[in-house]
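**Q** quick one, structure for this:
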Amino acid sequence: MSNVLDFGKVSGVSLESISRELISYSRHKLPTERQLPENHEILQSLPVEILTQLGIPVVAFQEREVYNIERARCTGALDIRNQESRNEWVWVQGGSEQSYGALRGRLPAKLVPVALCNIMDYTSENAVRQVAAVRMLSAVNSGCPSDIHGLVTVPMREDVLGTEPPEG
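**A** Model (predicted):
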């Protein structure tokens, strides 16, 4: 994979969606001096390195100061080490602890095939940004458990990623 443009073609996610989400994330979550370029042509030309797993620090159970590293794996259609392809489910912090009822601000999401990558931002001191593309689920009934079965219902959202069929 050479750049963000190629990443869009291989992942099946529209380039417009990738650019929009990267710029939005950059504006709202990164300090001004570390933000990604907002020029779509520059953004699409940034070098990309595809990853098959990403280490995610997760607070250890009942220990606020200790983090465990959980591995999210995403191999797309690739078979790695004689194992089937894997595109795992992850939890995404989507709001405050009061959001989404019983889910406490978290929503489940499935990694999009070929979704983990490093983006090398040569416009900002050669910074490397780790990115994961996901298909988000939404919380029905504001995340409150059902009176019938006692579970939270979380269907796939249709509107999150603009996808295109991969070429070739």
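
**Q** what about the helices in the chain?
**A** 4-11, 15-29, 40-45 (DSSP state H).

**Q** closest to Val66 out of these?
**A** Smallest distance to Val66 across the helices of the chain (C-beta to C-beta): 24.4 Å, for helix 15-29. C-beta coordinates here come from the backbone N, C-alpha and C atoms, glycine included.

**Q** which parts of that closest one are buried?
**A** Leu15, Ser17, Ile18, Ser19, Glu21, Leu22, Ile23, Ser26 (16 or more other C-beta atoms under 10 Å).

**Q** do stretch 87-100 as well
**A** Result for stretch 87-100 [16+ other C-beta under 10 Å]: buried residues Asn87, Val90, Gly94, Ser99, Tyr100.

**Q** for this protein, which strand is longest?
**A** In the chain, taking DSSP state E as the definition, the longest strand is strand 106-121.

**Q** if we can go back for a sec, save the helices of the chain as CSV, and put in distance to Ala139 and mean pLDDT too.
**A** Shown next, in CSV, are these (distance: least, C-beta to C-beta, whole Å; pLDDT from 0 to 100):
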stretch, distance to Ala139, mean pLDDT
helix 4-11, 25, 79
helix 15-29, 20, 85
helix 40-45, 31, 87
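
**Q** export those helices to TSV and append columns for distance to Arg64.
**A** Shown next, in TSV, are those (distance: least, C-beta to C-beta, whole Å):
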stretch	distance to Arg64
helix 4-11	36
helix 15-29	22
helix 40-45	37
